[in-house]
Structure formats: structure tokens, C-alpha cells
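Novice: Sequence plus predicted model, see below.
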Amino acid sequence: MMHSSAMKPVIKAWIPIHLLLLAGAYYLLFQESEVTLDVLMGLWFFFPVGIMGAIIANATGTGGGVVFVPVFAALQDGGIMIPSELLRIATLKPEESVAVSFTIQCFGMSIGALTWAYSIFVKDGLAWDEKVSSQTLAALTFAPLATGIPALLLTQAFIEVEGAQLLFYFKIFSLALGVTLLIFTWVQRRQAAKDRKLWVSPGELWVLMGLGVIGGAVTALFSVGIGEFLAIYLILRRFPTKVAIAVAVWVSVICVITGFWDGYFNELVRLEIALIAVPGAIVGGFLAKGIASLLGSLWLKTLASIWIIASSIYLLAT
């Protein structure tokens, strides 16, 4: 059995490389944008939105799109007041909201993924009764990716949903997700340490691959989905909560980086909004694990569920 310490030098070497890639990507996107001081002053609130989205995403495994898309919808419906001269930049179509959400998550969830990897592999941050082998972590991560990435790309290539219909489906999906997460959070709250699973069975791998197909398709449409399905399933199967969230974040970040390019090449990414939110998402990505540890998984997931349910009801009412 490969111990997590064998991954320590790999993770320590990869972290600075990934951070440099993120910095380079941000610089290139900034060069393409129209960010000015007036835009920064008028749309400053996307910075704290980025923080909040990344905290929820990286502390629960739930994609940041459940925060970003409702905020974009509130802009569309006049629920958030912005200077009239910036309406052209800040008013997004549903498909543009999804593309911007993909972009922000590429950065915020990258930081969260690195933070979780550093905690598990470098700091050996799992308790003795939560330690999962590197082979099991790899299986939990790559099984859904094996089907999720093709499903995401095929959905982006061949399935087109009209904007208003897309937003309606997102509202229903978010509400169902929030209610499901809340139920599972409290049903599983008394899970005993001796009942925790530290290995994955062949049957569970097939389920994870099936979830990859569904989650990849849903993520292509909404920018969220696969991480939520994985986190809920792994917690339901009694895997340690930290392992479930870490795997969900790792899978999600690979999916959003893959899915980003469709919106980018189709010129759907409103760079000005994304670039203001990204620094906030990076801050949130760094804070997420600490906040998860401070609040505890029960209250963290409860608060995230309440946010998702409340924002979904708001969207349905508008």
C-alpha cells in the first residue's frame, strides 16, 4: 500500500508550478480585458462574492457556481444596483454567467485543491481513523474523471439549451441540491468513527463512473454538479468527510479547467467580472479549509445548504 508520504515530494513540487500557471493565466486574461479604475470601483462587490463562492466551494465540495450564478441573475433582474455606465459589462446572459463561473472556479478551486492536497499529503492532516491510502484517493478521483471529462466535452459540443430555460433548470437543480445536502448532513451527523470507510470497492467505482457521466453533463450546463454528486455519495457511503470534500474539489477543478475553454473560445467570458472576482476566489480558496476546520463539517455543510436553498428560492421568485 502506497502511503501518502510517498506523494509528499510530488505535491511540494507541483504547488509552485500550479501557482505560476495561475499567475500567468491571470496576466494573459487581464491583458485581454477592459478593466479600468472605474470598472473596479463600480463592480468591487464581485471581490467578496469571489471570497464567499470559493469558501463554500472548497470547504464543502460544492461548486462556487451556486454562489456566482444567483448573483449574476440578481444583476440581470436589478436586484443589485450598479452604475448605469457599467450595465453593459455587468448584465450577463445565462450562458455568459456559466462561462464566468467556470473562469472564477478555475482559480478559486485550484487554490482549494492545492490546500487540500498539501494538508493531506504534506502535513498528514487526516486523523488516524480517517487515513485513506494514496491508491484509494487516486481511484476515488480518477474513476469519475474517466467518464466525467468526456461527458462534459460532449455536452458542451452537442447540447445547447436556450438561456431562460438554462436558468430555470439551474434554479431547480440548486434547490434540489441544497435540500439533499441538508438532509444528508443531518442524517450522517452521528456517523461513528468505526463505521468510516477507508477503501473503495469495485461496485463503488462503477457508481463513481456513472456519477461522472451525469455530473460531467450537468457541470457543462451549470458549471457545478460533479463535485456535489461526489461529495454527497462519498459521505453517504461513510467515507471520511475531509476525504469526500477533498476528492470533490480535486475532481471539480479538473472539470472546470476543462470546461472553461468552451466559453472562452465562444467569447462568452466577461473578463472584467471574472478578473475582479478571481482575487477574492483565491483568498477564499486559502481560507476554506481553515474555516471548515473551525466550524466543523456539520455546521459548515448546514450553512452552505441554507445558502443554496435560499438563493434558489430567490431565483425562483424573480
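Specialist: Thanks, I have the structure now. Numbering: from 1, shown residues only.

Novice: Please count neighbours and contacts with C-alpha atoms only from this point.
Specialist: Fine.

Novice: ranges for the helices of the chain?
Specialist: Taking DSSP state H as the test, the helices found in the chain are 8-32, 37-42, 46-60, 65-76, 87-90, 94-117, 134-158, 163-187, 202-222, 226-236, 241-265, 271-295, 297-317.

Novice: closest one to residue 127 among those?
Specialist: Among these, the nearest to residue 127 by CA to CA is helix 241-265 (9.9 Å).

Novice: list the buried ones in the closest one?
Specialist: By neighbour count on 16 or more other CA atoms under 10 Å, the buried set for helix 241-265 is 241-264.

Novice: which strands and helices sit next to that helix?
Specialist: Helices and strands touching helix 241-265, by 3 or more CA pairs under 8 Å, 6 or more residues apart in numbering; DSSP states H and E, are helix 46-60, helix 94-117, helix 134-158, helix 202-222, helix 226-236.

Novice: Now with 10 Å, please.
Specialist: Counting contacts by 3 or more CA pairs under 10 Å, 6 or more residues apart in numbering; DSSP states H and E, helix 241-265 packs against helix 46-60, helix 94-117, helix 134-158, helix 202-222, helix 226-236, helix 271-295, helix 297-317.

Novice: and of these, who's closest to residue 29?
Specialist: helix 271-295 (7.0 Å).

Novice: List the buried residues in that closest one.
Specialist: 271-289, 291-292.

Novice: got the angle between it and helix 8-32?
Specialist: 150 degrees (axes from the mean of the first three to the mean of the last three CA atoms, to 10 degrees).

Novice: quick one, what contacts residue 184?
Specialist: Contact analysis of residue 184 by CA atoms under 10 Å, 6 or more residues apart in numbering lists 232-233, 235-236, 301-302.

Novice: Narrow these to those that are buried.
Specialist: Burial by neighbour count, 16+ other CA under 10 Å: within the contacts of residue 184 this picks out 232-233, 235-236, 301-302.

Novice: out of the residues you listed, who's nearest residue 10?
Specialist: residue 235 (27.3 Å).

Novice: State the distance from that closest one to residue 185.
Specialist: Separation of residue 235 from residue 185 (CA to CA, to the nearest Å) stands at 9 Å.

Novice: Ok, residue 111 next?
Specialist: Per CA to CA, residue 111 is found 25 Å from residue 185.

Novice: now swap in residue 105 and tell me
Specialist: Counting by CA to CA, the gap from residue 105 to residue 185 is 24 Å.

Novice: The two: who's more crowded?
Specialist: More neighbours surround residue 105 than the other of residue 105 and residue 185, with 35 against 21 (other CA atoms under 10 Å).

Novice: So which other helices or strands are in contact with the helix or strand of the chain with the lowest mean pLDDT?
Specialist: Taking mean pLDDT, DSSP states H and E as the measure, the helix or strand of the chain with the lowest value is helix 87-90, at a mean of 72. Judged by 3+ CA pairs under 10 Å, 6+ apart, the packing partners of helix 87-90 are helix 37-42, helix 65-76, helix 271-295.

Novice: Need the CA coordinates for the second one. CSV is fine.
Specialist: This points to helix 65-76. Extracted C-alpha coordinates of helix 65-76, given in CSV (Å, rounded to 0.1, in the frame of the first residue of the first chain):
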residue,chain,number,x,y,z
GLY,A,65,-21.4,28.4,-9.3
VAL,A,66,-24.1,28.0,-6.7
VAL,A,67,-23.0,31.4,-5.4
PHE,A,68,-21.9,33.1,-8.6
VAL,A,69,-24.9,32.3,-10.9
PRO,A,70,-27.5,33.6,-8.4
VAL,A,71,-25.5,36.9,-8.0
PHE,A,72,-25.3,37.2,-11.8
ALA,A,73,-29.1,36.6,-12.0
ALA,A,74,-29.7,39.3,-9.4
LEU,A,75,-27.7,41.7,-11.5
GLN,A,76,-29.9,40.8,-14.5
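
Novice: Tell me how far that helix lies from the chain's centre.
Specialist: Centroid separation between helix 65-76 and its chain, computed with CA atoms, centre = their mean, to the nearest Å, is 15 Å.

Novice: If we go by neighbour counts, what in stretch 136-151 is buried?
Specialist: Neighbour count says stretch 136-151 has 136-137, 139-145, 147-151 buried, by 16+ other CA under 10 Å.

Novice: Could you list the low-confidence segments of the chain?
Specialist: 1-5, 76-81, 83-85, 87, 188-195, 297, 318 (pLDDT under 70).
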